[in-house]
Structures are given as structure tokens and as C-alpha cells.
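J.: Sequence first, predicted coordinates after that:
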Amino acid sequence: MSASPLIDAATGLSPWRACVAPMLDWTDTHCRYFHRQLSQHARLYTEMLTTGALVHGKMMRFLDYNEQEHPVALQLGGSEPADLAICAKLAQERGYDEVNLNCGCPSERVQRGAFGACLMNEATLVADCVKAMIDATGGDAKVPITVKHRIGIDKIESYDFVRDFVGTVADVGCQVFIVHARNAWLKGLSPKENREIPPLRYEFVHQLKRDFPHLTIVLNGGLADNAQCLAQLQPGAVFDGVALDGVMVGRAAYHTPWMMAEWDELLFNQAPRDAALTREAVEAAMAAYTDAQVARTKGWAHGEVRWQQVMRHVLGLYHGINGARRWRQVWSDHTLKDLTAAEVMALAHQRQG
């Protein structure tokens, strides 16, 4: 058992201090490359990949990422320790900075695969899965095995449930728990409703930090702006003046990504990546990246990259700025599909003005 939460030598803070949540169909490699333009220290996560897709489907290309994305974590969905061990080893070989086990997704499709949030009912199995992954990677401190989970399932609203779950999994060596501060209702709610209807109970996450001060506890759920994030990271935010180790932001980071431009300075106490960073500079970098990806993948049998696939992730860049709606309309105009991203960018700013 570690005597204290994990600390990054470069910042003196938790490596999980500010994270972007794994989001299906959203946080692909292009999205992560975009987010890295905004923050050097934010921890980025892949979409959830199932063990079946990697072990049996041989979908190894889904493990690809850009070196600029580091620190980047692979999130896995699965419940077979042997398969998860294989995938963790693959992640280690590919250079990922973390392997995260999904114990929070409530979708019926995921439940049919016997993983996701329903795994919270089987803490011993989750512990076996985590132990298998730790063993497969040799306990490599550079590739920690972590768990993302909810605070409860269905009508189980006792704090004891999540406390016992965390305690059981921590006993096999897991040191990092990313806690979505809502219950997962396995029947009757869609995944979207599961992000909105079950009430947020931040006090459960605070109590976990109080009960397990040696663990890294990261809060997920409902964080809409940087002020809310910072409040969770300051002493006094939780019981007995203990601050949480990190926050994980999902849809707010995706829809209003410019909030991330403040993270290095505001949340990590580091100098901004570029003091002159502007939305225009980020957009230009993404247009150049996009055109390079289009050229690199031209003629690929398993799918060429189109500029729409990349730039869809950038549509929130000018959120709240005059002319943003017209700018988004240009970048969403599929009649421009034969132009380069650089050409579309020039057109977007003509119309924005």
C-alpha cells in the first residue's frame, strides 16, 4: 500500500489533477490531438475499447495514437481477467501512460457484455481483473492500472457500497479511482439520462478521500467550468480540509474546449504552454494536422481520413465568441468536402467576419 497518492515529479501534483473523460464516438485520436493543443498537462483518455475487439477482433489499429497525446490512457471494457491482462500488456507495449478499467458505463449493450457499471456488483471480480492487469504489466509504475466507476447501482444509495468496492479493489494494488458521483441505473434510463437524472453526490467522493487518504481519488460528473474544478482541488473543499487529487471533465471540455487553455496555469500551477496561445493559432494547427492526416491516409483500405472527421471535434473552439455560429456553419458544410482544411478555414473566417 502506498503511503501517499501518486505525484508527478515535474509538477509536484497528481498526474490526474485535470483529465478529459473517455467519451464514446468523441475522444478519438484526432480529438485528443486537438485537446493537447490546449493543455500540456491534461490527462487524456481513449474511447472505451472492448477486450473482444482487441483480443478476438484483432482491431489493433484502434490502439494507434499520436506521440503528442501523452499523457494518454487506454480505457478498456471487459470482465475476463485473462483478456484484460492481454490488453494491458498491449497497452504497455504501445507506450500508453495508463490502463483504465470501465466500471461505470450503464448502457444495455455494455451490460450484455457483462462489464461496465454492472461490475460494481462484483467487486471481487473487478479485483481479480485489476490484479491480472497489474501482473501482466509487471507492476510497472509508468503504466498504472486504474478504475473508473460510479458511486452505486440502481437504488443502492448507501455510501458503504462504494466504500467497500474501492477497498476491495485497492487491496490488490489499484491506487487510482476515478469516481463518477452518480448512481448508474441499469434499467429504465438511457446512457444520456444516466448522466443527468441520478443526483450528484459529491459528498460520497469526498468521504472516499477521507477514508482512503493514501489513494488517488478523482471526481467526475457535473463539472461545468474551471471554477467548479478548482474548488474541488483546494483544501477546504472536502472534509477536514483535504482536497481531492483530481477532476475529470467530459462534455464541458468537449463543447467548450477553450476552458482547457487555462488548465496548465490555473489547475497545474504551471506556465501556459504558449503565452500567446489564441483560438486562431489552435485552429490553424488543427487545419495543418488535418491536411497532413488526409495526405497520409490517402488510399488506405481501412479508411481514408476526411477533414470532417477531424474538425468536428473543433466546433466548440469559438463558443461564446461573436460570429461563432457562422464559423461553425462553414466547418459543418459537407458541400465543401473537396476543399482542404486550410481552404475551409480561410472561408470560415471570411464568413465569420
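T.: Perfect, thanks for sending it. Residues are numbered from 1 along each chain as shown.
J.: And residue 260, how far from residue 168?
T.: As defined by CB to CB, to the nearest Å, residue 260 lies at a distance of 34 Å from residue 168. C-betas here are computed from N, CA, C, even on glycine.
J.: neighbour count winner among those two?
T.: residue 260 (22 against 17; other CB atoms under 10 Å).
J.: any idea how far residue 296 is from residue 311?
T.: Relative to residue 311, residue 296 is positioned 16 Å away (CB to CB).
J.: These two - which one has more neighbours?
T.: A direct count of neighbours by other CB under 10 Å for residue 296 and residue 311 places residue 311 higher, at 23 against 10.
J.: Next up, the contacts around the more buried one.
T.: 286, 287, 290, 331, 341, 344 (CB atoms under 8 Å, 6 or more residues apart in numbering).
J.: Can you flag which of these belong to helices?
T.: Per DSSP state H, helices hold the following members of those: 286, 287, 290, 331, 341, 344.
J.: Any chance of TSV for those, columns distance to residue 154?
T.: Output for the ones in helices among the contacts of residue 311, formatted as TSV (distance: CB to CB, whole Å):
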residue	distance to residue 154
286	42
287	46
290	43
331	41
341	46
344	47
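J.: can you put those residues in TSV and add distance to residue 179 and pLDDT?
T.: Below are those laid out as TSV (distance: CB to CB, whole Å; pLDDT from 0 to 100):
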residue	distance to residue 179	pLDDT
286	32	97
287	37	97
290	35	97
331	35	97
341	38	97
344	40	97
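J.: and which of the residues you listed is nearest residue 10?
T.: Comparing these against residue 10 with CB to CB places residue 286 closest, at 25.8 Å.
J.: returning to that earlier point: could you turn the buried ones of the ones in helices among the contacts of residue 311 into a PyMOL selection?
T.: Applied in PyMOL, the following selects the buried portion of those according to 16 or more other CB atoms under 10 Å:
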select buried, resi 286+287+290+331+341+344
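J.: Remind me which helix or strand residue 232 belongs to.
T.: According to DSSP states H and E, residue 232 maps onto helix 226-233.
J.: Tell me the helix or strand right after that helix.
T.: Once the chain leaves helix 226-233, the next helix or strand it forms, by DSSP H and E, is strand 246-249.
J.: now what about that following strand, what contacts it?
T.: Strand 246-249 is contacted by residues 14, 16-21, 43, 178, 216-220, 223, 229, 232-233, 259, 267 when judged by CB under 8 Å, 6+ apart.
J.: so after it, what's the next helix or strand?
T.: helix 251-255.
J.: so how far is that next one off the chain centroid?
T.: Computed by CA atoms, centre = their mean, to the nearest Å, the chain-centroid distance of helix 251-255 equals 11 Å.
J.: buried sites along it?
T.: Within helix 251-255, the residues that count as buried by 16+ other CB under 10 Å are 252, 253, 254.
J.: what sits against the second one?
T.: By CB under 8 Å, 6+ apart, residue 253 lies in contact with 20, 21, 35, 259, 260.
J.: got a markdown table for these, with secondary structure too?
T.: Output for those, formatted as a markdown table (DSSP: H, G, I helix; E, B strand; the rest coil):
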| residue | secondary structure |
| --- | --- |
| 20 | strand |
| 21 | coil |
| 35 | helix |
| 259 | helix |
| 260 | helix |
